[in-house]
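J.: I need the structure of the sequence given here:
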Amino acid sequence: MDASEVADLKLFVDHCKSNPSIIHTPPLSFFKSYLQSLGAQIPADAQTDRGGVKMTEPEQNSDAEKPFSSNEDDDIVESDIELDNSGVVEPDNNPPQEVCDHAYFAYICCKLDEAIDYLTEAIMLNPTSAILYATRASIFVKLSQPNAAIRDVGAAVKVPSRLPLVLA
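T.: Numbers count the residues shown, from 1 in each chain. Prediction:
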């Protein structure tokens, strides 16, 4: 055996020491029978109770899981409570709207005039969006149109907004 195999074997033995119930798994039945043939005493499976009955772990999706109860819990009776839903907004079941970033795609394709047109259309539809003005201003800077960029930055600053606007 080479050194790496011995190191792997040592890791396995350490794992068996920390979790002896691993020896009772079906893939390691050959190892268990080998240890017993040498006269080793193998501890009982931790998942088997004292009566020899195999204990099972509860299913994760089991509806039968109940917390431990005491005598005090038996006196508590659940009642159907009417909840006040007056302030609750019902969810809409509309499919999500399609988002088209025509201006962004035009910008990354270096079609700056087309990006300006899309942003102008978006500003006309939503004149209270400071980010649209700022984005269009940055494109005007790339087009070497400083006066148009200054106008858009001024418009972006005048828009009342709760979000801080970063103009770079």
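J.: how is the chain carved up into domains?
T.: The chain breaks down into these domains under automatic domain parsing: 3-37, 102-158.
J.: packed most tightly, which of these would that be?
T.: Of all those, domain 102-158 carries the top mean neighbour count, a mean of 16, counting by mean count of other C-beta atoms under 10 Å. For every residue, glycine as well, the C-beta is placed using N, CA and C.
J.: could I get the domains of the chain as a markdown table with mean pLDDT and distance to N93?
T.: A markdown table is the format used below for the domains of the chain (pLDDT from 0 to 100; distance: least, C-beta to C-beta, whole Å):
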| stretch | mean pLDDT | distance to N93 |
| --- | --- | --- |
| domain 3-37 | 84 | 48 |
| domain 102-158 | 90 | 25 |
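J.: any chance of those in a markdown table, plus distance to D84?
T.: Formatted as a markdown table, those follow (distance: least, C-beta to C-beta, whole Å):
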| stretch | distance to D84 |
| --- | --- |
| domain 3-37 | 52 |
| domain 102-158 | 35 |
